[in-house]
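Engineer: quick one, fold the following:
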Amino acid sequence: MLKLLDPGSNTVLDTLEVSMPAAAYPQSGPAPGVVAAWLDASKYKPASSSDKSGLHGCQVLLLWSDDQVTLVSESTVQWNREEALASGTSSMMIDLPAAHADKLSQSTAGDAAAAAAQSRPASGLLGLLQDKEWLQRWVRLQVLSVMVQFHICSEIEKAEYYELRHALSDNNLPYRDTNGFRKLIVLLTAPGKVLALHSGDGRIAWTSSAAIPAAAAIQTPKSSSGSNSSRQYLLMWRRFHDLTHAPQLAVLTAEADASVLHVLNGHTGEQLQQFEMPYSVEKVIPQRQPVHDGAAEQFSFLLVEPKFTINEDSLPRVHMVPDVPATQQQFNSASSNLFFWLSQQQAGSSSSSTSGGGGKSEFHVLLRGYGFETGARPDSSGLLPVVLAWQVVLPGQLLSLATRDLTEPLHSYVKVLGDRSLKYKYVNPNLLFVATGSSPADAANVASDDRTITVALLNTVTGGVLHQQVHRGAVGPVHAVASEHWVVYTFKDVISLRQQATVIELYDATPRDLSIEAILLGRTRHSSTLSSYTSMQLEVLTQSFYLQHTIKGLYVSQTKQGITTKQLLVHTLSDQLYALDKRFLDPRRPLRSKATPEEMEERLVPYGELIVFSPLQYATQNKQVLGLRGVVVAPAVLESTTLLFCYGTDIFFTRITPALHFDSLAPDFSYGLLVVALIALTVGTWFAAYSSQQTLLKAKWQ
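Structural biologist: Residues are numbered from 1 along each chain as shown. Down below sits the predicted model:
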């Protein structure tokens, strides 16, 4: 109910009953409440009778606690918008239901998509031939595609072609496809609302407000858009082996002194479970291996309570969720090999400046690594026994941290060079990239030559520094991404006033005898197991480049098997995403102008200090994703394709192919043009054979 108040006397002048409009998709969780309303007071006229509200004649704009916006006019909802889509904080992609499920829910499909799915013929050539109407439309589409290719069609036929192509497209079907292109994109928003979008056309499949904090209904509009103190995490909770069960998602909401974990059905948004925990959460550490219980994979997580003052005696308080016998048994068997780290920015004592005018605070970053006792189990309060493993202090302010994605596939541990020699990649899942130094805020008070950035690669098991280098005349912000055996990071060069990118590649330089005799006698170490507990000889290759644009973030593409060439996804200042081939950031690029045949075989490009951004390589094409905050990549079933989702004030989804479509045809491939080409080739071959035969016959008569 809306109440119109007199601000002077605080008396109620008028009331209006308003209810949340019904949505075309399923909604679960508690009903939202109105947190703000706006109306044009100049158009308000008091009602002439007591049974009618004067607000009926006004247009009222309503903001709900889940960030929906509704316009009400004449007591009728004119439109309703899900503005929560503009406040996404994290996202993931999950598979749609299988095509042979018992019943496809109208919610997941949507009315139009469900009708298209029902009218679509069965898969395979037999199903195509049985549906004569669908076959006729498909043949008509191929004929029109040929006419469009040769520009022999009218405007009406061209419009019919685009309409048929959209109608016969399988992008919007409500079930998964064999190529893995159709996905359900789950987006967690700032107020705690979870929305699922179909990757085909972006329609909303379901929403859930179960994770919205109870206090959100009485918050102001500013706090409801994400400035509250609660932290939320979107996690994969349970993944079943069979295709008929929906995956389960978890939304962890951490308040100041308590946390709540909601388990949702990934295909409908229905809340399945709820766990209340009497502690807050600062960091969520996913375990590398899920628990297999025969029917599904149960993921487990370590929850670290909020930061404390790091000293020699204090240890973090860590819990495990779900805390069940299966996860306890797995943790007990692997506790001696589980490690995590925490960072803290600390200010040192003031030191006198060289000018004698005063003092300045020296900052340093304190990194501590922790492990667990062998055979550890949670105590009666659910706490895990934590032990201190190592400690590292780095100078300056913390600018960036980066680690490898543990789910990233790796096709090969070696790189074959042009001369057929091998380089062994140093692939360490416990690698941590740390950048410290001068922040942009402090850069104005420091001379250009004194502004430095220190980068270090740490082993998070032992705390050992694998590599460290210093960039002088450089300031933050620093953006970094780690993948396989390399790290790429960017910063600002204050001397040249340009954006600089540096790549570091790590290789195992341990001597190996790969002769046939050594392999037959088993004396080679080429297949030995690497351990983070032991140090080894490393070969570090590094190179720097200048970039054409200012960078706001770095991401990396990911494919099913990790065979396809990597692409760096560069978030530019204009909120666009540029797909940069990793070959241009190869530290082995030759410094001479012409590459050797061996280097050309490796596709090495001669070194150039400036990397130019081609307008044709933008993953977002000509679109600007306003307020871009995050990028999610997921592999498709086809090795050539990576699924890409960007979220911010705008949302954007596309498919990128770093090595082009080497294992599939383009979506708009013209089969009609192929048939015409084959017919023309057949006729041409027959005519050439006939002409040759006639020529030989005439030659014999002469």
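Engineer: lowest average confidence, helix or strand, in the chain?
Structural biologist: strand 351-352 (a mean of 39; mean pLDDT, DSSP states H and E).
Engineer: list the residues that contact the closest residue to residue 642 other than its chain neighbours.
Structural biologist: Of all residues not flanking residue 642 in the chain, residue 557 sits nearest, at 4.5 Å (CB to CB, 6 or more residues apart in numbering). Any C-beta I mention is one placed from the backbone N, CA and C, and that applies to glycine too. Residues near residue 557 by CB atoms under 8 Å, 6 or more residues apart in numbering: 564, 566-569, 579, 633, 642, 644, 656, 658.
Engineer: could you tell me which of those belong to strands?
Structural biologist: Within the contacts of residue 557, residues falling in strands by DSSP state E are 567-569, 579, 633, 642, 644, 656.
Engineer: redo those as JSON lines? Include distance to residue 191, pLDDT and neighbour count.
Structural biologist: Shown next, in JSON lines, are these (distance: CB to CB, whole Å; pLDDT from 0 to 100; neighbours: other CB atoms under 10 Å):
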{"residue": "567", "distance to residue 191": "34", "pLDDT": "94", "neighbour count": "26"}
{"residue": "568", "distance to residue 191": "33", "pLDDT": "95", "neighbour count": "21"}
{"residue": "569", "distance to residue 191": "28", "pLDDT": "96", "neighbour count": "23"}
{"residue": "579", "distance to residue 191": "32", "pLDDT": "95", "neighbour count": "21"}
{"residue": "633", "distance to residue 191": "26", "pLDDT": "95", "neighbour count": "20"}
{"residue": "642", "distance to residue 191": "30", "pLDDT": "94", "neighbour count": "26"}
{"residue": "644", "distance to residue 191": "25", "pLDDT": "96", "neighbour count": "24"}
{"residue": "656", "distance to residue 191": "31", "pLDDT": "93", "neighbour count": "17"}
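Engineer: that older thread, out of the contacts of residue 557, which comes closest to residue 399?
Structural biologist: Of all those, residue 399 sits closest to residue 568, with 19.0 Å by CB to CB.
Engineer: tell me how far that closest one lies from residue 583.
Structural biologist: Using CB to CB, to the nearest Å, one gets 10 Å for the distance from residue 568 to residue 583.
Engineer: for residue 66, same thing?
Structural biologist: From residue 66 over to residue 583 the distance is 45 Å, taken as CB to CB.
Engineer: what's residue 135 sitting at in phi/psi?
Structural biologist: Main-chain dihedrals, residue 135, degrees, to the nearest 10: phi -70, psi -40.
Engineer: quick one, what contacts the closest residue to residue 88 other than its chain neighbours?
Structural biologist: Spatially, and ignoring its direct neighbours in sequence, residue 88 is nearest to residue 647 (3.9 Å; CB to CB, 6+ apart). When contacts are counted by CB under 8 Å, 6+ apart, residue 647 touches 88, 91, 187, 625, 628-632.
Engineer: in the sheet, who's paired with residue 647?
Structural biologist: Under DSSP bridges, the beta-bridge partners of residue 647 are residue 630, residue 651.
Engineer: and residue 295, how many neighbours does it have?
Structural biologist: Residue 295 has 11 neighbours, counted by other CB atoms under 10 Å.
Engineer: err, residue 198, not the other one
Structural biologist: The local packing of residue 198 (other CB under 10 Å) involves 23 other residues.
Engineer: with residue 488 instead?
Structural biologist: Using other CB under 10 Å, residue 488 is surrounded by 25 other residues.
Engineer: I'd like the next helix or strand past the helix or strand containing it.
Structural biologist: Using DSSP states H and E, residue 488 sits within strand 486-493. Per DSSP H and E, the first helix or strand lying C-terminal to strand 486-493 is strand 498-508.
Engineer: who are the packing partners of that following strand?
Structural biologist: If you count contacts as 3 or more CB pairs under 8 Å, 6 or more residues apart in numbering; DSSP states H and E, strand 498-508 packs onto strand 422-425, strand 452-459, strand 465-472, strand 486-493, strand 538-547.
Engineer: next, the angle strand 452-459 makes with the last one.
Structural biologist: Okay, so that is strand 538-547. Put simply, strand 538-547 runs at 140 degrees to strand 452-459, going by axes from the mean of the first three to the mean of the last three CA atoms, to 10 degrees.
Engineer: could you dump the helix or strand that comes right after strand 538-547 to PDB, C-alpha only?
Structural biologist: Counting by DSSP H and E, the next helix or strand C-terminal to strand 538-547 is strand 551-556. Once non-C-alpha atoms are left out, strand 551-556 reads as follows in PDB (Å, rounded to 0.1, in the frame of the first residue of the first chain):
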ATOM      1  CA  ILE A 551      43.500  -1.100 -19.800                       C
ATOM      2  CA  LYS A 552      40.800  -1.600 -17.100                       C
ATOM      3  CA  GLY A 553      41.100  -5.400 -16.900                       C
ATOM      4  CA  LEU A 554      42.500  -8.700 -18.300                       C
ATOM      5  CA  TYR A 555      40.800 -12.100 -18.900                       C
ATOM      6  CA  VAL A 556      41.700 -15.100 -20.900                       C
END
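Engineer: what's the angle from strand 551-556 to strand 642-647?
Structural biologist: 150 degrees.
Engineer: report the buried residues of the helix or strand harbouring residue 36.
Structural biologist: Element membership of residue 36, judged by DSSP H and E, is strand 34-39. Buried residues in strand 34-39, counted by 16 or more other CB atoms under 10 Å: 34-35, 37, 39.
Engineer: which SSE is immediately downstream of it?
Structural biologist: Note on strand 34-39: by DSSP H and E, the next helix or strand toward the C-terminus is strand 59-64.
Engineer: now the angle from the helix or strand just after that next one to strand 34-39?
Structural biologist: For strand 59-64, the following helix or strand on the C-terminal side (DSSP H and E) is strand 68-73. Between the axes of strand 68-73 and strand 34-39, defined by the same axes, to 10 degrees, the angle is 40 degrees.
Engineer: I'd assumed residue 479 was in contact with residue 489.
Structural biologist: Yes - Residue 489 is in contact with residue 479 according to CB atoms under 8 Å; the separation is 6.6 Å.
Engineer: any idea of the mean pLDDT for the helix or strand harbouring residue 159?
Structural biologist: Secondary structure assigned from DSSP H and E places residue 159 in helix 155-167. Helix 155-167 shows a mean pLDDT of 86 in the predicted model.
Engineer: what sits up against the next helix-or-strand element following it?
Structural biologist: Per DSSP H and E, the first helix or strand lying C-terminal to helix 155-167 is strand 183-189. With contacts defined as CB under 8 Å, 6+ apart, strand 183-189 is touched by 67, 84-85, 87-96, 108, 194-199, 205, 211, 232, 234, 249, 251, 266-267, 632, 634, 643, 645, 647, 651, 653.
Engineer: out of these, which end up buried?
Structural biologist: Buried members of these, counted by 16+ other CB under 10 Å: 67, 84-85, 87-96, 108, 194-199, 205, 211, 232, 234, 249, 251, 266-267, 632, 634, 643, 645, 647, 651, 653.
Engineer: can you show me the helices along the stretch 251-400 of the chain?
Structural biologist: Here the stretch 251-400 of the chain has its helices, by DSSP state H, counting those that start in this stretch, at 325-334.
Engineer: re earlier: just name the closest of the ones in strands among the contacts of residue 557 to residue 537, please.
Structural biologist: Distance to residue 537 across these (CB to CB) is lowest for residue 568, with 28.4 Å.
Engineer: and the pLDDT at the residue nearest to the closest one when sequence neighbours are not counted?
Structural biologist: Spatially, and ignoring its direct neighbours in sequence, residue 568 is nearest to residue 580 (4.4 Å; CB to CB, 6+ apart). Note for residue 580: predicted pLDDT of 95.
Engineer: count the residues that sit near residue 580.
Structural biologist: Counted with other CB under 10 Å, the neighbours of residue 580 add up to 21.
Engineer: wait, what's in contact with it?
Structural biologist: By CB under 8 Å, 6+ apart, the residues touching residue 580 are 567-570, 611, 613, 617.
Engineer: closest to residue 404 out of the contacts of residue 557?
Structural biologist: Of all the contacts of residue 557, residue 404 sits closest to residue 566, with 12.7 Å by CB to CB.
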